[in-house]
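1. could you look at this predicted model? Sequence included:
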6 protein chains.
Amino acid sequence: MENIKSETYRKGLALLNQLHGGQAGEQLVNNLQDICPDFVDMTIEWAMQGIMARPGLDLLTREYLLIASCTTLGHTVPQLKAHIDAALKLGATKQQIVEVILQMTFYAGGAAVSNALAYAKEVFQHHNI
Amino acid sequence: MENIKSETYRKGLALLNQLHGGQAGEQLVNNLQDICPDFVDMTIEWAMQGIMARPGLDLLTREYLLIASCTTLGHTVPQLKAHIDAALKLGATKQQIVEVILQMTFYAGGAAVSNALAYAKEVFQHHNI
Amino acid sequence: MENIKSETYRKGLALLNQLHGGQAGEQLVNNLQDICPDFVDMTIEWAMQGIMARPGLDLLTREYLLIASCTTLGHTVPQLKAHIDAALKLGATKQQIVEVILQMTFYAGGAAVSNALAYAKEVFQHHNI
Amino acid sequence: MENIKSETYRKGLALLNQLHGGQAGEQLVNNLQDICPDFVDMTIEWAMQGIMARPGLDLLTREYLLIASCTTLGHTVPQLKAHIDAALKLGATKQQIVEVILQMTFYAGGAAVSNALAYAKEVFQHHNI
Amino acid sequence: MENIKSETYRKGLALLNQLHGGQAGEQLVNNLQDICPDFVDMTIEWAMQGIMARPGLDLLTREYLLIASCTTLGHTVPQLKAHIDAALKLGATKQQIVEVILQMTFYAGGAAVSNALAYAKEVFQHHNI
Amino acid sequence: MENIKSETYRKGLALLNQLHGGQAGEQLVNNLQDICPDFVDMTIEWAMQGIMARPGLDLLTREYLLIASCTTLGHTVPQLKAHIDAALKLGATKQQIVEVILQMTFYAGGAAVSNALAYAKEVFQHHNI
């Protein structure tokens, strides 16, 4: 929000690049930079440095939780793919991500799980796994 | 479904008792035993032995994922409390459970998180923590 | 909306009384009569005479569909109970209503089904069945 | 529903054309005219003349509320775009619409907001703003 | 899950083929066979033989209930289409399916209904009706 | 997060007190102060000063949007009541709040609207209006 970005912003941006560097995450951010730069700042300062970077849970567990939430919401498809991608970058195996989604069957329902697995397959194919 | 319960059923029931033994889980099951015993069987055979008992993710991570899903759904309050209770039984700290719920802020929204934290507080008070 | 209620309104009100006469439905309507009488009119003219009274599906099938929708939404508890009550009035058995809710397991999820069954149990107990 | 359309219908259609004339809204209506003409009538008589045309709130505030609801629902994308388009027709600035969506961050969640902003961007580009 | 598939599996697969044989359902299943074969088994054994094949409600009523649930969820589009297709296979008319979706207007909301009708139109066109 | 609270925090807290001073809001905050003080800080710094205090839309319009979102979500009842209370504090009439909720009928559905009106009635009674 200020011209000289805060320490919080710089740390949040570094985390964003670590997790979503390359394609999915950057695209999400760039896509909104011109229409609402403040939302991009919020994503970096609040969602990244304010929440994601907190101690108490490791980054991969946090990514699993976001995959669970996106599977449950059903309609946040770009975010679901971005967090599957981030989990792979953090060392998750294909099978672990499938288990995270499958675990939602009795809560989000099998239809939501079926669609989330299909989106996961697209991300896996992009990683050639 | 058969009179002599299957191996799947017996293992699922043991897992149910491990995770939800005592109050919350048993109450959920007993409450539905007379109105729809087949649903109780499904919960034990499918949700417990079919999904929860799978290899690939440890039980506590699975409970975290269910807390995330219940926080996102918003209206599954008895299940949210039962899974917070189960996570505590599996060794999670109060602070770890708070982190799991807090991680949902940018996805389920802050209102859902605020309410889930209030329900968590009730479970913590019941555990005197 | 006019002082002399329309034919649509009178037919809709008769249908409302047929389906929800007695307790649940009347309470819903009376509760909102002073705060927003136009919404009560909409419920009677639109939801009742405009949709519920249409040919093409019988009334009981329509009540089943509303039970399915309320189970899926999760948070519309007074409406869920009112439609279970209406289905019973139209001749549904306890077991048929349980089947309608159970059918939602793979779509609304088992947690939503579990809670809906518990609400159904309350309605059944009120009917002494 | 009758061959000679009612006053309510004619006023509702005029409002529909005022708000959604041109592309988005007409397309929604035409798309459903053959499969379910009664639903188109309901949209015109109920949603337009019955609700949207009511006194007590101006039309632009009502469009803002619908943008808020569609952002929260997440999956009603054609409607979200149609109401952003209508708000622009009623004189809203690009920045005001962005503020309406951004206001949802703590309730609908940041993922829903991020996607809604991306859809808004498409509508803005179609208006060359 | 075992190499020699169970009686439950074989009956469930026969029901799957009866309801979704041809295109929509098979595609859903094949799409997930390599990424998570256990989920396909769950769909066949639990969703099909465990729930869909139960006595107490006929198959067409069950398909109507799933159309209602998918319309309410909003984001489960492939499943909505698959169940409209299955209802047609079971003898439902185009108008009956439209009525099922229309019945959701006061619960899932008109926007969800509008989109579901548009998806139904695609399935009808594929059936040349 | 720091001992000496930031300017953002102090301004956010003043806005929180302006909007929710007295009962509803303070209770929400106090309830979570011991279990997760960082979430209370987030609410004050992000939701209040970061979003609510932004220029571009007046405070009452922002409260209307939150009432719309809570009505659509359905399960965020304490927040719905808190924002109806805040809208009254900002000068909204009872009828304007009813219109905001009623506007949701075709999007959130009539059942969600019916329940939100009943909750609004409770807040109005507390204000003796």
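-> Sure thing, it's come through. Numbering: from 1, shown residues only, chains lettered A, B, ... in the order given.
2. around chain B, pick out the residues from chain A.
-> Taking Cβ under 8 Å from any Cβ of the partner chain as the measure of proximity, chain A contacts chain B at A:43, A:46-47, A:51-52, A:54, A:56-57, A:61-62, A:64-66, A:68-73, A:76, A:79, A:95-96, A:98-100, A:102-108. In short, each C-beta sits where N, CA and C put it, glycine included.
3. pull out the buried members of those.
-> Those of those that meet the buried threshold are A:43, A:46-47, A:51-52, A:57, A:61-62, A:64-66, A:68-73, A:76, A:79, A:96, A:98-100, A:102-108, by 16 or more other Cβ atoms under 10 Å in any protein chain shown.
4. among those residues, which are within reach of chain F?
-> Restricting these to those within reach of chain F (Cβ under 8 Å from any Cβ) leaves residue A:46.
5. can you tell me which of the residues of chain A next to chain B are in helices?
-> Among those, the ones falling in helices (DSSP state H) are A:61-62, A:64-66, A:68-73, A:79, A:95-96, A:98-100, A:102.
6. ok, and which of the residues of chain A next to chain B reach chain E?
-> The subset of the residues of chain A next to chain B within reach of chain E, by Cβ under 8 Å from any Cβ, is A:98, A:102, A:105.
7. and the residues you listed, which is closest to residue E:36?
-> residue A:98 (5.1 Å; Cβ to Cβ).
8. for residue A:35, helix, strand, or coil?
-> Three-state call for residue A:35 (DSSP: H, G, I helix; E, B strand; the rest coil): coil.
9. if we ignore the residues flanking it in sequence, what's nearest it?
-> residue D:121 (4.8 Å; Cβ to Cβ, 6 or more residues apart in numbering or on different chains).
10. for chain C, what are the nearby residues on chain A?
-> Counting by Cβ under 8 Å from any Cβ, chain A sits next to chain C at A:105, A:106, A:107, A:108, A:109, A:110, A:111.
11. any chance of those residues in JSON lines, with distance to residue C:84 too?
-> Formatted as JSON lines, the residues of chain A next to chain C follow (distance: Cβ to Cβ, whole Å):
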{"residue": "A:105", "distance to residue C:84": "26"}
{"residue": "A:106", "distance to residue C:84": "23"}
{"residue": "A:107", "distance to residue C:84": "23"}
{"residue": "A:108", "distance to residue C:84": "24"}
{"residue": "A:109", "distance to residue C:84": "21"}
{"residue": "A:110", "distance to residue C:84": "24"}
{"residue": "A:111", "distance to residue C:84": "24"}
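12. would you list these in a markdown table and tack on pLDDT and distance to residue E:39?
-> Converted to a markdown table, the residues of chain A next to chain C look like this (pLDDT from 0 to 100; distance: Cβ to Cβ, whole Å):
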| residue | pLDDT | distance to residue E:39 |
| --- | --- | --- |
| A:105 | 98 | 8 |
| A:106 | 97 | 13 |
| A:107 | 98 | 15 |
| A:108 | 98 | 13 |
| A:109 | 98 | 13 |
| A:110 | 97 | 8 |
| A:111 | 97 | 12 |
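13. tell me, what residue is most central in chain A?
-> residue A:83 (2.9 Å; Cα atoms, centre = their mean).
14. roughly how far apart are that one and chain C?
-> 20 Å (Cβ to the nearest Cβ, to the nearest Å).
15. thought that residue was touching residue A:63?
-> Yes. Residue A:83 is within contact range of residue A:63, at 5.3 Å (criterion: Cβ atoms under 8 Å).
16. quick one: name the residues of chain A near chain E.
-> Counting by Cβ under 8 Å from any Cβ, chain A sits next to chain E at A:74-75, A:94, A:98, A:102, A:105, A:109-115, A:117-118, A:120-121, A:124.
17. just for chain A, where's the confidence low?
-> A:1-4, A:22-28 (pLDDT under 70).
18. circling back to that earlier point, tell me who's in contact with the residue nearest to the centre of chain A.
-> The contact partners of residue A:83, by Cβ atoms under 8 Å, 6 or more residues apart in numbering or on different chains, come to A:63, A:66, A:67, A:70.
19. so can I have TSV of those residues showing distance to residue E:8?
-> Output for those, formatted as TSV (distance: Cβ to Cβ, whole Å):
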residue	distance to residue E:8
A:63	35
A:66	35
A:67	30
A:70	32
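20. just name the closest of those to chain D, please.
-> Distance to chain D across the contacts of residue A:83 (Cβ to the nearest Cβ) is lowest for residue A:70, with 6.9 Å.
21. ok, now which ones touch that closest one?
-> Residue A:70 touches A:76, A:77, A:79, A:80, A:83, A:116, B:107, D:111, counting by Cβ under 8 Å, 6+ apart.
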